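Student: sequence first, predicted coordinates after that:
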Amino acid sequence: MKDDKIHSIKDFTELNRQITDLDPADFIKLPYPYEDWVDPPMKELTDDQKNRLEHSLDGFSGIAIPKPQTEEEKQELVAKFLSGLKKLLSKEDNWILLQPLLLSMENCVKCQSCSDECPVYISSGREEIYRPIFRGEILRRIINKYLKPGGKFYNKITGSDIDLNWETIARLAELSYRCTLCRRCAQACPIGVDNGLISREIRKLMSQELGLAAEELHKSGSMKQLQTGSSTGTNPTAMLDIVEFIEEDLKDLTGIDIKMPLDKKGADILLIHNFGEFLSWPENIMAFAIIFEKAGINWTMSSEMGGYDSVNYGLWYDDAQLARVALEHIRIAKKLGVNRIVMGECGHAHKALMPVADRILVDDNIIPRESAYPILEEIVFSGKIKFDPKKNDFPVTLHDPCNAVRAMGIVEPQRHILRELCPQFVEMEPHGVHNYCCGGGSGFAIMQGKNFPDWRNGLSFRMKFKQILDAFQDKIDPSIYKYVCSPCSNCKGTFRDGLTYFNAFEKAGIIYGGLVELIVNAMVDLEKPFIEWELK
Amino acid sequence: MIFLYLFTYFSLFIFIVLVVSKIIKYSSAPVHVRWELYPVAHEPDKNKYGGSHYEEAGFWKHKAKKDHLAELWAMFEEIVFLRGVYLHNRKLWYFSFPFHLGLYLISVTFILIIISVLLNLFSLININAIQNTADYFFHYLTILFGYAGLILTFIGSIGLIIQRATDNKFKFYNTPMDFINLFFILILVISISITLIFSSSSFILSKEFVKNLITFNWVEINDVLFILNVILISLFLLYFPITRMMHLFAKYFTYHDVRWEDEQNVKGSKLEKKVKEALNFGVSWSAPHMKTGKTWAEVATTFPQEEKK
């Protein structure tokens, strides 16, 4: 309820109740045909979950933090947090992002230029705890009081006279998982402060010191990937079976008989997909194979552990896991002797292995890594494949994955293709590097535990859904089928759940899919449409 | 009177030491992973829409080109016009822009005073009278910049104080220091203005005082208002480096070392050498999967076996 909201930073550390209680009635309104849309009540944690898990931030549990049982346990966790905070500010333990973090922690003047750039904050009806500077301001005041010299007077005038307790730490940990790390706030900051980075570094502290992370990212994510070969738990044997199924389905669907190249030594390209594509969107794997084969590309995929799943969840919460997974990808590429690694349609995998891992690799590990988008652009405009854009004569809009676009500047290739192959292509506003996150960034797309999906579908996806509806507003009739092109697996995961939540196919005829599906759908050689009009 | 001169030297010294320390702290930080954000100003042509070298297949086959002029222009727009605030926080810009522009002009005035004194020491211009074109130029330029700076900073600081005190989005996060910073600058502006009105309307006292400082000629100053000004400015020099006003210097690093830093790591490069050094730093993170006590290179190549199924 609105009057239960906090009125000062101190409230965050002192209140013995839930900090805020979200009311969907406060969320931003959606355009036609959703003006009268009423969100279903957001799922509450069960009594058992409430007893076991910290939930005093907003009633949601993203990372399932167990409640300490004794006062001693709480004190131990507080001490551990402070020890981790020191490491976060040390050269040895945090060389990976120390300079950007210090610059962001020490120079925010709280001008609030970032506030209205955050889709979560705006969508929530400007809920104070979701304001981009909120997390950083809490952390800054803790650092001032507990790690810096200054004394009571300095703490008083800097507002740092706050008390650190376990509840504050738990709330801060959950709060770091209410930011999608889209960095739209950082883009707006005139000084260059990066509140997305601060959220990421809070997550890192929690993971690397306290062992706290979203289960889907750590235990069932990067750990599982290092243990089995994929964050989905798919081992190499199962991977081979899945590829076989996809080859059969491809033949049934298109009549095209392709033997997917696996573990081909000396290939030009090692293509690594987000393994979610194999399981949830196999048509994406098929489409890549069709395009690469028709274009005569010398490519391969890997069936070996470490080489067939491009996801790297460490990017979102843990430096060690980030480096381990990246080095596995490199190991496979070296073993196969390929010229370059090419990232399939997965934004965070792009960022993890291309710019970020660039400063982890040395000597022979420095292997070229490229995005699939410009390679697809080259193929489409090379004349090697014949296209008929009329086959794609339906409304299409493009979602820009934050990690590949805002964080890497890959803006034009994908829209160049769409302008060529999709006569009814329309941009969302804003788009390109100023896009809004899908709402599933930083791991939210795969975090399905407790009541977190309700928060994601109803709140963090909302701004993107509004953008989609706005883009298609003049063709919103559900009988006109419309396609949201999302060249990113995680974003597609968000669209799958979000569009289902809003019943978007029935109410507005909207489906989503990748870029390669549209390319193949426009191929003259294909007799039947490749795109199936259903919300998968 | 010696105290006034000594205090000014002391404040200047501490100011320089603290500012230089901060700059050294930022510039000597270890190499970090790439964390750029687009648009990157120096991307030739592509900077207009935020594109990058990653848009080109085979980008790694050649060295990335940089448009340094575009980078300079982007910095100029950001520093002088506060482009980011203009685009994302227009209501604040109406006061933040005159406030910052005023401070820049006041800083330029100080520089002009120092240059005038140095030229005077080499007998190239007069600072007490206008006898030639050069005297005229420096005399009126100093007055123009000084007065314009004071008026703009006055308007800006009043506006910012009112916004901070009344707008809920600021109120929630306000600390006493936020107001101390603004009030300190406002008091300085008022104090300098009063001195200019009642004692030295053309900065002649300031130039003489700077000349005395440079030549260690600690002569008596009888103007109480001017003495008060010198003390206030000296206190501000001591106070400035412990506040977030240091973003004045930090901004260079946030843009050049983070937001626009897109250098590719290639074999045998200086960058690769720095990465190798960093990979040998020790790790003391204590979560079970972190392998405390090993180097980063070892941690990255050791899987957390104990958590294996």
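Tutor: All right, it came through fine.

Student: buried residues in stretch B:287-307?
Tutor: For stretch B:287-307, the neighbour count (16 or more other C-beta atoms under 10 Å in any protein chain shown) marks B:Ala287, B:His289, B:Met290, B:Lys291, B:Thr295, B:Trp296, B:Ala297, B:Val299, B:Ala300, B:Pro304 as buried. (Glycine included, C-beta is placed from N, CA and C.)

Student: of these, which are in range of chain A?
Tutor: Residues of those in contact with chain A (C-beta under 8 Å from any C-beta of the partner chain): B:Ala287, B:His289, B:Met290, B:Lys291, B:Trp296, B:Val299, B:Ala300, B:Pro304.

Student: find the nearest non-adjacent residue to the residue in the stretch 1-150 of chain B that chain A sits nearest to, please.
Tutor: Using C-beta to the nearest C-beta, the closest approach of the stretch 1-150 of chain B to chain A is made by B:Ser52 at 2.7 Å. Spatial nearest neighbour of B:Ser52, excluding adjacent residues (C-beta to C-beta, 6 or more residues apart in numbering or on different chains): A:Gly409 at 2.7 Å.

Student: can you get me a residue count around that neighbour?
Tutor: 27 (other C-beta atoms under 10 Å in any protein chain shown).

Student: for it, which residues are in contact?
Tutor: A:Val433, B:Tyr38, B:Pro39, B:Val40, B:Glu43, B:Lys46, B:Gly50, B:Gly51, B:Ser52, B:His53, B:Tyr54, B:Glu55 (C-beta atoms under 8 Å, 6 or more residues apart in numbering or on different chains).

Student: and those residues as TSV, adding neighbour count and distance to A:Met260?
Tutor: Listed next are the contacts of A:Gly409 as TSV, based on neighbours: other C-beta atoms under 10 Å in any protein chain shown; distance: C-beta to C-beta, whole Å:
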residue	neighbour count	distance to A:Met260
A:Val433	24	34
B:Tyr38	27	34
B:Pro39	25	38
B:Val40	25	37
B:Glu43	26	36
B:Lys46	20	34
B:Gly50	23	35
B:Gly51	25	32
B:Ser52	25	31
B:His53	20	30
B:Tyr54	27	26
B:Glu55	21	27
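
Student: which of those residues fall in helices?
Tutor: Per DSSP state H, helices hold no members of the contacts of A:Gly409.

Student: what helix or strand is the closest residue to B:Phe198 other than its chain neighbours on?
Tutor: Residue nearest to B:Phe198 in three dimensions, not counting chain neighbours: B:Leu225, with 6.1 Å by C-beta to C-beta, 6+ apart. Using DSSP states H and E, B:Leu225 falls within helix B:224-239.

Student: which other helices and strands contact that helix?
Tutor: Counting contacts by 3 or more C-beta pairs under 8 Å, 6 or more residues apart in numbering or on different chains; DSSP states H and E, helix B:224-239 packs against helix B:2-27, helix B:176-198, helix B:204-215.

Student: dump the ones you listed to a markdown table, plus mean neighbour count and mean pLDDT.
Tutor: As requested, these are exported to a markdown table (neighbours: other C-beta atoms under 10 Å in any protein chain shown; pLDDT from 0 to 100):
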| stretch | mean neighbour count | mean pLDDT |
| --- | --- | --- |
| helix B:2-27 | 14 | 97 |
| helix B:176-198 | 17 | 96 |
| helix B:204-215 | 19 | 96 |
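
Student: nearest to B:Leu235, of the ones you listed?
Tutor: Closest of the helices and strands packed on helix B:224-239 to B:Leu235 is helix B:2-27, at 7.2 Å (criterion: C-beta to C-beta).

Student: name the residue closest to the centre of chain B, please.
Tutor: Against the mean C-alpha coordinate of chain B, by C-alpha atoms, centre = their mean, the closest residue is B:Leu248 at 1.9 Å.

Student: check the offset of the helix or strand it falls within from the chain's centre.
Tutor: For B:Leu248, the host element (DSSP H and E) is helix B:247-253. Offset of helix B:247-253 from its chain centre (C-alpha atoms, centre = their mean, to the nearest Å): 5 Å.

Student: are it and chain A in contact anywhere?
Tutor: Yes - judged by C-beta under 8 Å from any C-beta, helix B:247-253 comes into contact with chain A at B:His247, B:Ala250, B:Lys251, B:Phe253.

Student: any chance you could list what contacts the helix holding B:Leu225?
Tutor: B:4, B:7-8, B:10-12, B:14-15, B:184-185, B:187-188, B:191-192, B:194-195, B:198-200, B:205-206, B:209, B:221.

Student: in it, which residues are buried?
Tutor: Those would be B:Leu225, B:Phe226, B:Asn229, B:Val230, B:Ile231, B:Leu232, B:Ile233, B:Ser234, B:Phe236, B:Leu237, B:Tyr239, for helix B:224-239 by 16+ other C-beta under 10 Å.

Student: for the residue in the stretch 301-450 of chain A that chain B sits nearest to, which three-state class applies?
Tutor: Per C-beta to the nearest C-beta, A:Gly409 is where the stretch 301-450 of chain A lies closest to chain B, at 2.7 Å. Following DSSP: H, G, I helix; E, B strand; the rest coil, we place A:Gly409 in the coil state.

Student: cool, A:Ile341 as well?
Tutor: Once three-state DSSP is applied, A:Ile341 turns out strand.

Student: hey, what's it bridged with?
Tutor: A:Ile341 forms beta bridges with A:Leu270, A:Arg369, as assigned by DSSP bridges.

Student: need the contact list for it.
Tutor: A:Ile269, A:Leu270, A:Ile272, A:His329, A:Ile330, A:Ala333, A:Leu353, A:Ile367, A:Pro368, A:Arg369, A:Glu370.

Student: how close does it get to A:Pro368?
Tutor: 7 Å (C-beta to C-beta, to the nearest Å).

Student: and the next helix or strand past the helix holding B:Leu248?
Tutor: helix B:270-279.

Student: can you give me how far whichever helix or strand comes after that following helix is from the chain middle?
Tutor: Where DSSP H and E defines the elements, the next helix or strand beyond helix B:270-279 is helix B:296-301. In terms of C-alpha atoms, centre = their mean, the centre of helix B:296-301 is found 38 Å from the chain centre.
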